[in-house]
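Chemist: The following block contains a protein sequence and its predicted model.
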Amino acid sequence: MMRDMPDGTRILLTREEIAARVQALGGEIERDYAGREPVLISVLKGGTVFLADLFRAIDLRTRVDFMSISRYEERPESTGVVRILKDLDHDIADRDVIVVEDIIDTGLTLSYLMGALRQRGPATLEVCTLLDKAVRRIVPLDIRYLGFDCPDVFAVGYGLDASERFRNLPYIVAVERSAVETAGDLLLPLLSP
Ligand code: PRP
């Protein structure tokens, strides 16, 4: 059920808007990969909600695999170098790979990961992201499949979290930059106790 939006927040994308775009992206991937068996890769955890819906909008033989990464706290944020905590279960050599992300911000994480994945010799390697916050980009990235451009707001819901909460909101909320520090408290009324 949709509740009144707290001050400093607004609905960025409704569940209907997300669903329609996910169906369209699934259709695009289905056409582009007809006769092939792409592997959809998600980097835990934000992208999993999008992946789950996208995967079911593709009427082809497809596979999924997951990676978990951690950023090095002691290194400057701008390196993008991450530590792989959980690697893919399967080899991607000669496979058609699509990395599915919830959001691309600076592009540092994905740029580093794409480099690491490319070294494993996939037949093709593409990116599909639900949101692109291009205004924040530091490293250029080639995005093959894009859901929505995202303004420079703090986006929460549909996989995106505020301190690990609110990933289960079925829509995406924009929190004003000035309210980011208190986003968790602000958004709490959106969830049942
Ligand atoms: C988000 C998102 C990307 C990354 C993008 O993950 O899923 O992996 O940030 O940021 P960048 O373009 O600036 O590198 P997050 O670290 O929030 O982890 P989560 O998916 O577990 O929420």
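Modeler: Thanks, I have it.
Chemist: Quick one: name the residues of this structure near the ligand.
Modeler: Selection of the chain residues close to the ligand by Cβ under 6 Å from any ligand atom yields 43-47, 101-110, 161. Heads up, the C-betas are built off the backbone N, CA and C, glycines and all.
Chemist: Mind checking which of the residues you listed are in helices?
Modeler: 47, 108-110 (DSSP state H).
Chemist: I'd like to know which of those is nearest to residue 131.
Modeler: Distance to residue 131 across these (Cβ to Cβ) is lowest for residue 47, with 10.4 Å.
Chemist: quick one: the nearest residue to that closest one once chain neighbours are set aside from residue 123, how far?
Modeler: Leaving aside its chain neighbours, residue 47 sits nearest to residue 102 (4.5 Å; criterion: Cβ to Cβ, 6 or more residues apart in numbering). Counting by Cβ to Cβ, to the nearest Å, the gap from residue 102 to residue 123 is 25 Å.
Chemist: of these two, who's got more company?
Modeler: With neighbours defined as other Cβ atoms under 10 Å, residue 102 and residue 123 compare such that residue 102 has more, 24 against 12.
Chemist: Could you pick out the longest helix of the chain?
Modeler: Under DSSP H, the chain gives helix 15-32 as its longest helix.
Chemist: Check which helices and strands it is in contact with.
Modeler: Secondary-structure packing of helix 15-32 (3 or more Cβ pairs under 8 Å, 6 or more residues apart in numbering; DSSP states H and E): helix 47-55, strand 124-132, strand 145-149.
Chemist: Contacts only, for the nearest residue to residue 30 once chain neighbours are set aside.
Modeler: Leaving out its chain neighbours, the residue that sits closest to residue 30 by Cβ to Cβ, 6+ apart is residue 58, at 5.0 Å. Going by Cβ atoms under 8 Å, 6 or more residues apart in numbering, residue 58 touches 26, 29-30, 33, 38.
Chemist: re earlier: make JSON lines out of the helices and strands packed on helix 15-32 and add mean pLDDT and mean neighbour count.
Modeler: Converted to JSON lines, the helices and strands packed on helix 15-32 look like this (pLDDT from 0 to 100; neighbours: other Cβ atoms under 10 Å):
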{"stretch": "helix 47-55", "mean pLDDT": "97", "mean neighbour count": "21"}
{"stretch": "strand 124-132", "mean pLDDT": "98", "mean neighbour count": "22"}
{"stretch": "strand 145-149", "mean pLDDT": "98", "mean neighbour count": "17"}
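Chemist: Is it possible to get JSON lines of these that adds distance to residue 7?
Modeler: Shown next, in JSON lines, are the helices and strands packed on helix 15-32 (distance: least, Cβ to Cβ, whole Å):
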{"stretch": "helix 47-55", "distance to residue 7": "26"}
{"stretch": "strand 124-132", "distance to residue 7": "23"}
{"stretch": "strand 145-149", "distance to residue 7": "24"}
